[in-house]
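[1] here's my sequence, what's the structure:
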Amino acid sequence: MRALIEFYNSSVGKKLIVGLTGFFLIAYLIIHLFGNLLLFRSDGGAAFDIYAELLPQVVVIRIIEVVLFLIFIFHIITAAYTWLLNKQARGSAYELQKKGETSALTSRTMLLSGSIVYIFLVLHMRQFWYVSRYEAGEHFSMYEVVRATLAEPVYSILYIIAMFLLGFHLKHGFQSAFQTFGLRDKKYASLIEWVGVIFWLLIPIGFASMPIYFLLNF
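    The predicted structure follows:
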């Protein structure tokens with residue numbers, strides 16, 4: 001136990017934890033995106049409703065949800081703790097330097113972008129996950145809930161902004177994780193950057209396409 005605590009308190013340990021939990025969350029985003037693509041089927045939401053009704057009934061899914069929630073909280077706490085320690089270590093000397101010369105914009109705004117995405121996620125889970133798990137009635141349609149919510153301009157705009165910030169957050173996080181794991185070799189740097197595009201660009205675009213679709217069609 002003491003060794004684990006010492007590992008967590010080390011700068012390398014915290015970076016590894018942030019990177020590893022980040023990869024788990026990215027994997028979840030990919031799975032979640034593929035499930036939500038059922039919203040685009042021209043069946044009045046029938047396939048998506050079946051998908052939404054099935055998830056709560058699978059015990060493994062419920063366990064995975066709890067594990068993902070714990071990973072997400074651990075990711076946030078460790079990232080915020082690391083940011084705070086780094087800020088204290090830099091001290092006033094950092095303020096005398098030009099920020100553009102010390103780190104990229106994505107790096108400097110990781111805590112901000114992550115915090116905004118977190119706040120949006122809480123609202124998002126209350127609007128969809130909580131409703132599907134605890135407020136679903138006999139004739140409940142999750143598709144109708146999604147359609148009505150994403151057809152609201154204010155919520156959809158907030159959704160799109162959150163996805164933009166998510167991409168901003170993932171862009172630095174993906175590159176930083178590979179560097180932390182010692183896998184960002186010059187030989188494969190360009191390949192990693194191109195693979196990273198799938199995560200920090202295509203995933204947010206995929207999610208952002210949903211409110212745009214419902215805004216335009218409903």
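[2] flag every buried residue along stretch 207-218.
    For stretch 207-218, the buried set under the neighbour-count rule, 16 or more other Cβ atoms under 10 Å, comprises 207-211, 213-215. The C-beta positions use only the backbone N, C-alpha and C, and glycine is treated the same way.
[3] out of those, which one has the lowest pLDDT?
    Within the set of the buried residues of stretch 207-218, pLDDT is lowest for Leu215 (92).
[4] number of nearby residues for the closest residue to Met110 other than its chain neighbours?
    Once flanking residues are discounted, Met110 sits nearest to His172: 5.9 Å by Cβ to Cβ, 6 or more residues apart in numbering. His172 has 20 neighbours, counted by other Cβ atoms under 10 Å.
[5] same check on the one 3 residues further on?
    In terms of burial, Gln175 registers 19 neighbours under the definition other Cβ under 10 Å.
[6] mind pulling up the pLDDT for it?
    As predicted, Gln175 sits at a pLDDT of 73.
[7] which of the helices or strands spans it?
    helix 153-180 (DSSP states H and E).
[8] what residues sit buried inside that helix?
    So for helix 153-180, counting by 16+ other Cβ under 10 Å, buried means 155-156, 158-160, 162-163, 165-178, 180.
[9] what comes up buried for the helix or strand just after that helix?
    Counting by DSSP H and E, the element after helix 153-180 in chain order, helix or strand, is helix 189-197. By neighbour count on 16+ other Cβ under 10 Å, the buried set for helix 189-197 is 192, 196.
[10] what of stretch 11-28?
    13-23, 26, 28.
[11] out of those, list just those in helices.
    Among those, DSSP state H puts 13-23, 26, 28 in helices.
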